[in-house]
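Participant: Here is a sequence together with a model predicted from it:
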Amino acid sequence: MENIALNFPYLSSLPFFSGTTVAFACQVVLMCTAWVVGICGFSLWWVVLGSVGWWLAVKGKTNATNMKKAFQAQQANDQKFVRDNIEHLPSWVFFPDQERCEWFNRMLYQLWPFLNQYLVDMIIGIMEPAVNSALPAVMKFKFERITMGDEAPRIGGIKVYKEHIARGEIVLDAEILYAGDAEVKARVGPGRIGFKEITIRGTMRIIFKPLVKQMPFIGGITAFFLNTPAVDFNLTDLADVMDIPGLSELMRKVVQDQINYFLVLPNKISIPLVSDLSRYDLKFIPPDGVLRIFVAEAENLVRADIGIIGKGKSDPYCVIRVGSQIFQTQVIKDNINPNWSEYFEAVVDQASGQSLDLEVFDKDQGNTDDFLGRLNVDIYTIAKEGTVDKWFRLEDCDTGNIRLRFYWMGLSADVNSLNSVIRETAMLSEKANLATCLLMVFIESAKSLPNVRKIAAEPAPYCIASTGKDQSFRTITVKRSYDPVWESQHSFLIHAPRNEVINFSIFDEKTTKRLGWTEMYIRELLEQAGSMEMSGSFRLQNSGNNSEIRLNMRLRLLRPISLAESVATQDVDPNLIRKATERDGQQGSGLSAPDFVHDGPVSAQEFKQQAPTVGQAQQIGGHSSFSDVSFPVDLNAESELRQRGGKQQSAAIKLTLRYGEATKNLIVLVSEVVQLSKIMANGNGGHYYVSMTLMPFKTKRRTHEVVGDVDEQHYDETVEFPIDNEILMKTAYLEVKIKAKSGAFAKDAVASVIVSLEPVIGMNSYTSWYDLVDADPSK
């Protein structure tokens, strides 16, 4: 038989064809594997599949190395870099508002040798204890050697803002590029691990604030990454020889988490430059607002799990990132058109510049989840519009769309509108338990802490602030101090401000024993003469005789107001900015204001008990039911609905309409449909549902399907339509159709009605029966 030469051109790129000891060992392992495969009688395809997998791994490493070389080429010669690497160009090439700053890069190059030791000390002092707290107890982490190398970071482009900033500050964004020759050696447990070929790319915002009238004219500097930077590195020493995937991914996650913890919003680094500047004024800066995210549904996602007959499905879920905040939806099994209907809330510190990153994955048990698409949304656009509800095309995938709804919630100091905010939020979604307030906390310091160790050694204290099961914040650890200074800020989303409690506990890192604690009801902030702020020293319980913690707290309501209005009203008299949103005592509602307002907290359940309801929303199978809402019923209208002998004599549908001012939505409750047999020639029961279109906007919604009598169908389901204000309802109308399934796929409209929305204007709610007509006018 003629010998056939096998040619694998990729083999020359594999590391085991070098002359090193490790390469020789890899050759031996490969030959032994081939021998075992032959002895056991396995198919040659196992060797082929293994080779392909190995080649893919090597290709991934090669791509990372090429990226590093591209960054280094940029640092060495920008012109050659532009010609050879058009896909990796810096931001100033594409964006006219970005400027080059080669003068600063040259200065940084000269300064780099003098910055080396400062950066090394900072990395050891901050990262080492943080990494140890994230790793398992058996894997103690310790740096052995850090060299920052000769290659300095570069600024790819810089943008200085002229609009949407205060008079006493300078705001700029700098594109940070680093692909240097830094090398790190560390010990993890019994082994040694190394990092090299480190690359970092991200946009850092630098704020010079406040501006002062004496040298150096800048009171302080605050720096942070707007979004998580791209960080990559290669492992060396034991980790590279063993090439353990689990260890590699673990170390990457730990490094990324620590960068997020220290440098990605809402975390910042603040440096005062003048002696008389209060650190409180520099560090305790309120965020711009809260972004409320509703992940509704998706359609036509990629089929990641291929079936036996060629058709497959996916088990999709979404991962959402806003700064260092990460959220994840539930996994929908075997569905390329999933309906999640989940709410999330993210605190946004810098609306101008921050973005929302969403990625869709297919859940695979025991394997890496498959990527199905991604999306990037500019938050500033949402903050300007207030409410956005639209379908987005997923990027970096063959097919797939996702529907998202965003609400921009500004910060208001109007304590008088608390009841209105709680009611509107409860009506939006009871299941999601959405926030009504934002609590901003500045943990400044503690003093006279006790010693809980057996030896006379100073504690290593840190503080944990918590408001519930899923919201807590830990400060950094201060080594060897009875009087630690933390100066840490954090924001908590508050659901029931009259009931919730915030707890502050101080622990010793060495012994994990609690050194003292204090707690307070958040309602105390509501009683602070309209300012909703509190600061001072608070006595620690179960601690030393003079142990105290110094705190600053500020509470703000979440209102659907614009970004500019939110900033303008932070320090204004609440009586001047209060909006007339409470309509409880309006004429014709059938309910007086005292039925809704009382001195205690108003939960969603209490709201429903106080007001008569006609139904409760249910989740639609495969379609969106955007909230769980119970309506206060117009009792006068209700008493007229069952006239004409107590029963509808013609085909009709019962609807309750309400405009939610806080959410900018028309909320429609579909109660029931009766007497369809009056207009249906052949109606003996079947599958029915209600389809509605808001005209002239052509926004469509539908209910779930019900199986029932043709003359009586109960839905009790709520749907929502986004509409910016009540004035638009003067010309808008609902096109309502009753549809029946006549086959496996056919859906015929059997009845319809046009519903005017003008009666809803100014009403708490509007309930009425609407006579249906045949959907086919030719009959």
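Facilitator: Nice, I can see it. Numbering: from 1, shown residues only.

Participant: what is the mean pLDDT for stretch 443-458?
Facilitator: Mean pLDDT, stretch 443-458: 85.

Participant: Thr399 against Glu299, yeah?
Facilitator: No. At 9.1 Å, Thr399 does not count as touching Glu299 under the criterion of C-beta atoms under 8 Å. From N, CA and C alone the C-beta is placed, and that goes for glycine too.

Participant: Grab the longest strand from the protein for me.
Facilitator: Longest strand in the chain, counting residues (DSSP state E): strand 191-208.

Participant: Rounded mean pLDDT for that strand, please.
Facilitator: 85.

Participant: ok, Gly686 - how many residues close by?
Facilitator: By the criterion of other C-beta atoms under 10 Å, Gly686 has 17 neighbours.

Participant: same check, this time on Cys32
Facilitator: 10.

Participant: secondary structure class for it?
Facilitator: Under DSSP: H, G, I helix; E, B strand; the rest coil, Cys32 falls in the helix class.

Participant: what's the distance between it and Gly38?
Facilitator: 11 Å (C-beta to C-beta, to the nearest Å).

Participant: With Asp305 instead?
Facilitator: Separation of Asp305 from Gly38 (C-beta to C-beta) stands at 34 Å.

Participant: Over to Glu509?
Facilitator: 57 Å.

Participant: Compare neighbour counts for these two and give me the winner.
Facilitator: Comparing Glu509 with Gly38 by other C-beta under 10 Å, the one with more neighbours is Glu509, at 16 against 11.

Participant: Next one, pLDDT for that one please.
Facilitator: 85.

Participant: and what of the one 5 residues further on?
Facilitator: According to the per-residue confidence, Arg514 scores 91 in pLDDT.

Participant: looking at it, it is touching Leu540, isn't it?
Facilitator: No. The criterion here is C-beta under 8 Å, and Arg514 misses it with Leu540 at 9.8 Å.

Participant: Could you pull out the residues contacting both of the two?
Facilitator: Common neighbours of Arg514 and Leu540, counting by C-beta atoms under 8 Å, 6 or more residues apart in numbering, are Ile506.

Participant: Same drill for those two, tell me which one is more crowded.
Facilitator: Taking neighbours as other C-beta under 10 Å, Arg514 and Leu540 compare with Leu540 leading, 24 against 16.

Participant: Apart from its chain neighbours, what residue comes closest to that one?
Facilitator: Distance criterion C-beta to C-beta, 6 or more residues apart in numbering; nearest residue to Leu540, sequence neighbours excluded, is Gly516 at 3.3 Å.

Participant: Next, the buried residues of stretch 358-374.
Facilitator: Neighbour counts using 16 or more other C-beta atoms under 10 Å place 358-363, 369-370, 372-374 of stretch 358-374 among the buried residues.

Participant: Could you do stretch 686-701 as well?
Facilitator: By neighbour count with 16+ other C-beta under 10 Å, stretch 686-701 contains the buried residues 686, 688-694, 699, 701.

Participant: now what about it, what contacts it?
Facilitator: 624, 653, 666, 668, 670, 673, 676, 702-708, 710, 713, 715, 719-723, 731-742, 749.

Participant: returning to what we had before: distance check, the residue nearest to Leu540 against Ser756.
Facilitator: Remark: distance between Gly516 and Ser756 (C-beta to C-beta) = 64 Å.

Participant: do Ser270 as well
Facilitator: From Ser270 across to Ser756, the span is 56 Å (C-beta to C-beta).

Participant: Same question for Phe371.
Facilitator: 47 Å.

Participant: With Asp370 instead?
Facilitator: From Asp370 across to Ser756, the span is 49 Å (C-beta to C-beta).

Participant: and if you look at Lys185?
Facilitator: Taken as C-beta to C-beta, the span from Lys185 to Ser756 is 75 Å.

Participant: With Gln675 instead?
Facilitator: For Gln675, the distance to Ser756 (C-beta to C-beta) stands at 22 Å.

Participant: ditto for Met127
Facilitator: As judged by C-beta to C-beta, Met127 and Ser756 stand 64 Å apart.

Participant: Those two: which is more packed in?
Facilitator: Neighbour tally, Met127 and Ser756, criterion other C-beta under 10 Å: the higher count belongs to Met127, 21 against 14.

Participant: number of nearby residues for the residue nearest to the more buried one when sequence neighbours are not counted?
Facilitator: For Met127, ignoring the flanking residues on the chain, the nearest one in space by C-beta to C-beta, 6+ apart is Gln258 at 5.8 Å. Residues near Gln258, counting by other C-beta under 10 Å, number 17.

Participant: same question for the helix or strand where Gln258 lies, mean pLDDT?
Facilitator: Taking DSSP states H and E as the definition, one finds Gln258 inside helix 245-263. Average pLDDT, helix 245-263: 72.

Participant: same thing with stretch 657-675?
Facilitator: 82.

Participant: Could you check how far Leu111 is from Asp150?
Facilitator: 13 Å.

Participant: no, scratch that, I was asking about Arg498
Facilitator: Remark: distance between Arg498 and Asp150 (C-beta to C-beta) = 60 Å.

Participant: quick one: which of these two has more around it?
Facilitator: Per other C-beta under 10 Å, whichever of Arg498 and Asp150 has more neighbours is Arg498, with 17 against 12.

Participant: what does the model give the more buried one for pLDDT?
Facilitator: Per-residue pLDDT puts Arg498 at 89.

Participant: Dihedrals phi and psi, it?
Facilitator: The phi and psi values for Arg498, taken as degrees, to the nearest 10, are phi -80, psi -10.

Participant: again with Ala413
Facilitator: According to degrees, to the nearest 10, Ala413 has phi -100, psi 10.

Participant: just checking, it touches Gly530?
Facilitator: Yes. Assessed by C-beta under 8 Å, Ala413 is found in contact with Gly530 at 7.1 Å.

Participant: So for the two, which sits in the more crowded spot?
Facilitator: Between Ala413 and Gly530, Ala413 has the larger neighbour count (other C-beta under 10 Å), namely 21 against 14.
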